[in-house]
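could you look at this predicted model? Sequence included:
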Amino acid sequence: METVLSQTGLKRQRPRLFPNGEWVLLLALLAEIAVFSAISQNFFTWGNLIEVIRFSIELGLLALALTPVIITGGIDLSVGSMMGLAAVSFGALWNDAHFPLVAALLAALLIGCAGGALNAVLISRFNLRPLVVTLGSYSLFRGIAEGITQGTMNYTGFPQRFLFLAQGYLLGVIPVQLLFFLPVLLAFWILLHRSVIGRALYAIGFTAAGARYAGIPVRARIGLVYFLSGLVASLAAIIYVAHLGQAKSDAGSGYELDAITAVVLGGTSIFGGRGTLWGTLLGLVFLTILQNGLHLAALPTELTGVLTGVLLVVIIGFDRLRGEHRGRVTLGQESDGSDVKNSQVAILCGAVLIGALIVAGTNVWLVRSMSRTGGVAIEATGTVAGKSHRPVIAVMPKAKGDPYFVSVRAGAEEAAKELGVDLIWDGPTSLDAAKQNELVENWITRQVDAIAVAVENKAGISTVLRKARERGIHVLTWDADAEPDARDFFVNQATPEGIAKTLTGEAARLLNGKGSFAIITGALSAANQNEWIRFIKQRIAEKYPGLTLATIRPSDDDRDKAFAETQTILKVYPKVKLVMAISAPAVPGAAEAVRQANRKDVDVIGLSLPSISNPYIQAGIVQAVVLWSTRDLGYLAVYASTLAVENKLHSGATSIQAGRLGTVQLSGYEIILGAPLIINKANINQMDF
């Protein structure tokens, strides 16, 4: 009898504790923790728990703010862009306008309030659709941020007392930013679950028309949640800047979608009327642990999107079915709810099973693909099959999908196999300094032996690289450098002066020392490419006064954008007779634009891979590309990292022996691969990269 009563009590309590089936996500979360504890090194540790909390704060703030928005049946796509605007506004006010730090912080929060108020007025007063309004403000806020910085300015050098807000620990254990998150969590919990306003928000989401008839001030309540969304987004921006040590216009890019995903995964209905902060927290923790666990297991970052997408589509689809079922019950069909709960269990458990199969399948694919390409097969524990612990070298490109870095990886795998070390190759799928920082933090937790990074943003990553060095991890940079005190050595493919001299000389030869040319770079904030451009300008002033640099345009290392930018240059600057593309994908992009415009009077040169430039070189559109052996660069990065781990690479050395590369020269703390090559129609078929 007592057993029956206790089971009945549990059934009655479950809807209160898990009104939207959050218990299923809780079970999935526990399963996720169990799996990663088994396959990921140092996952189930106190230190990693702290890092998970630290990395979830900014996203968590946005998720908290979006929960009441989505409960009302709305959406706010502008929160990520508001982070970018608030971040650069804070940086500009402090750095350029010389505001006191506290005044700049308050001004950034007021800007968030203004952005939230704009959305609130357009949606609540003018009755415009939230999707349309926030999609517009998404572009508006990001555009203003890019206008303030011209796409290049990156505010850094913030005082240590400010950085402590997101990099410091209380009592050496508690992340300081948690002290900002908990009051916001408490405020939203009271608002949603312990106030008349919260009940009104649920009513509005269930049926806005019915809420109006019930006397609820619908416009005021909807306006409130969008106002709060803007305010919290600006607070998240401040934490973001303190965390990374930089204020940049692309701060918060993609965060809006991740925050919405966390809210919906937690059981909040995308159609409104249902959801809890408890569920949002579960969704947030699930996403953060998923990404953290994959990094520690040395599995591809892309799996985060795959697994999250599977769960998200399943949950939204089920939510739709549940809504239809709710409608049938409302029309008079009785139900005890058991069919819905059983369906939910079956569907979500099936989704988790599919996710597990994807992880397992990808692991098998990863091992097989590495063995085919001559790489080192890395098990989930980070050790090579059948071997005890060997040095683990973690290498990060700027963007994994860039053909340049795909080519570099082959050399890295070759060196790892030759030296008998474990190689982890991972990084962002696109240029993203914040993702680079996050991955380095996870590698620190995993306790790898060396980290080698192709730096996207010098100021942004240097803080976390210093942290790695403090933990005894050897740090090298390659392709692009960090701050000198943030790494041990820089593996430089060629000196900036050498690259600039070669490119400028080739341009002068093709233009007969006189004429106008344009540069297509990668990202406008890319430190190494900006260094090349500086020396190109210097070389022109010193030796080629007849050359004129008409414009510099970004491609963001994207072929299609380089194509579009070149089309614009050909129209706006008709006197340009040469396009110098200094990003690997930009060369074929620029060449295709010249080909389609039938501009036989315009030459294309640049830095790129022979493999992707060959068709245009053979067609006479690209006259030459300047590069180094990308495979050798990857080989040298891993070889030098291994020497550092073995204490065979010391300051003051003038050269090292680097396997098949022979003697490689050192200049201070720079390891120089060699002089750049000029690749043209005469020798391109001899290049295999």
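Happy to help now that I have it. Residues are numbered from 1 along each chain as shown.

check which residues of the strand or helix carrying Arg212 are buried.
Arg212 is part of helix 208-213 when elements are defined by DSSP states H and E. Neighbour-count burial for helix 208-213, with 16 or more other C-beta atoms under 10 Å as criterion, is recorded at Ala208, Ala211. In short, each C-beta sits where N, CA and C put it, glycine included.

what sits closest to Thr149 if chain neighbours are left out?
Distances taken as C-beta to C-beta, 6 or more residues apart in numbering place Ser249 nearest to Thr149, at 4.7 Å, with adjacent residues excluded.

quick check: which element contains that neighbour?
Using DSSP H and E, Ser249 sits within no helix or strand.

how far off centre is whatever helix or strand Ile605 lives in?
Ile605 belongs to strand 603-606 when assigned by DSSP H and E. Taking the mean of its C-alpha atoms, strand 603-606 sits 31 Å from the chain's own mean (C-alpha atoms, centre = their mean, to the nearest Å).

show me what whichever helix or strand comes after it is packed up against.
For strand 603-606, the succeeding helix or strand toward the C-terminus, using DSSP H and E, is helix 610-618. Counting contacts by 3 or more C-beta pairs under 8 Å, 6 or more residues apart in numbering; DSSP states H and E, helix 610-618 packs against helix 403-419, helix 586-597, strand 622-627, strand 677-679.

buried sites along helix 610-618?
Pro610, Ser611, Ile612, Ser613, Asn614, Tyr616, Ile617.

I'd guessed Thr521 sits against Leu549; true?
No. Assessed by C-beta atoms under 8 Å, Thr521 is found out of contact with Leu549, at 11.8 Å.

who's more crowded, the two?
Here Thr521 and Leu549 are compared on neighbour count by other C-beta atoms under 10 Å; more neighbours surround Thr521, at 25 against 16.

show me the contacts for that one.
Gln529, Asn530, Ile533, Ile552, Arg553, Pro554, Ser555, Ile582, Ser583, Ala586 (C-beta atoms under 8 Å, 6 or more residues apart in numbering).

give me the below-cutoff pLDDT ranges for this protein.
1-18, 20-21, 151-152, 311-389 (pLDDT under 70).

thought Met82 was touching Ala145, still the case?
No. Contact status for Ala145 versus Met82: not in contact, 9.2 Å apart, counting by C-beta under 8 Å.

more neighbours: these two, which one.
For Ala145 versus Met82, neighbours defined as other C-beta under 10 Å are more numerous around Met82 (36 against 26).

secondary structure element holding the more buried one?
helix 79-95.

what helices or strands is that helix leaning on?
helix 46-71, helix 101-120, helix 130-149, helix 218-244, helix 255-265.

re the thing from before, dump the contacts of Thr521 into TSV; add neighbour count, secondary structure and distance to Ala209 as well.
TSV is the format used below for the contacts of Thr521 (neighbours: other C-beta atoms under 10 Å; DSSP: H, G, I helix; E, B strand; the rest coil; distance: C-beta to C-beta, whole Å):
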residue	neighbour count	secondary structure	distance to Ala209
Gln529	23	helix	56
Asn530	18	helix	56
Ile533	21	helix	59
Ile552	18	strand	55
Arg553	22	strand	51
Pro554	22	strand	48
Ser555	27	coil	50
Ile582	26	coil	58
Ser583	28	coil	54
Ala586	32	helix	53
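
determine which two of these are furthest apart.
Using C-beta to C-beta, the two most remote members of the contacts of Thr521 are Asn530 and Ala586, lying 14.8 Å apart.

ok, Val173 - contacts?
Val173 sits in contact with Ile50, where contact means C-beta under 8 Å, 6+ apart.

now it. Its backbone dihedrals?
Note on Val173: its backbone torsions stand at phi -130, psi -50 [degrees, to the nearest 10].

phi, psi for the residue nearest to Pro130 when sequence neighbours are not counted please.
Take Pro130 and drop its neighbours on the chain: the residue closest to it by C-beta to C-beta, 6+ apart is Gly74, 4.0 Å away. For Gly74, the backbone dihedrals (degrees, to the nearest 10) come out as phi -100, psi -170.

Gly74 and Ile123 touch, don't they?
Yes. Using C-beta under 8 Å, Gly74 makes contact with Ile123 at a distance of 7.0 Å.

and for these two, which residues touch both?
With C-beta under 8 Å, 6+ apart as the test, Gly74 and Ile123 both reach Pro130, Ile222, Tyr226.

in CSV, list these along with neighbour count.
Formatted as CSV, the shared contacts of Gly74 and Ile123 follow (neighbours: other C-beta atoms under 10 Å):
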residue, neighbour count
Pro130, 22
Ile222, 27
Tyr226, 30
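
list the residues that contact the residue most central in space within the chain.
Central residue of the chain (C-alpha atoms, centre = their mean): Lys435, 3.7 Å from the mean position. For Lys435, the contacting residues are Thr301, Gly427, Pro428, by C-beta under 8 Å, 6+ apart.

now with 7 Å, please.
Pro428 (C-beta atoms under 7 Å, 6 or more residues apart in numbering).

which helix or which strand is home to it?
With DSSP H and E as the test, Lys435 turns up in helix 433-446.
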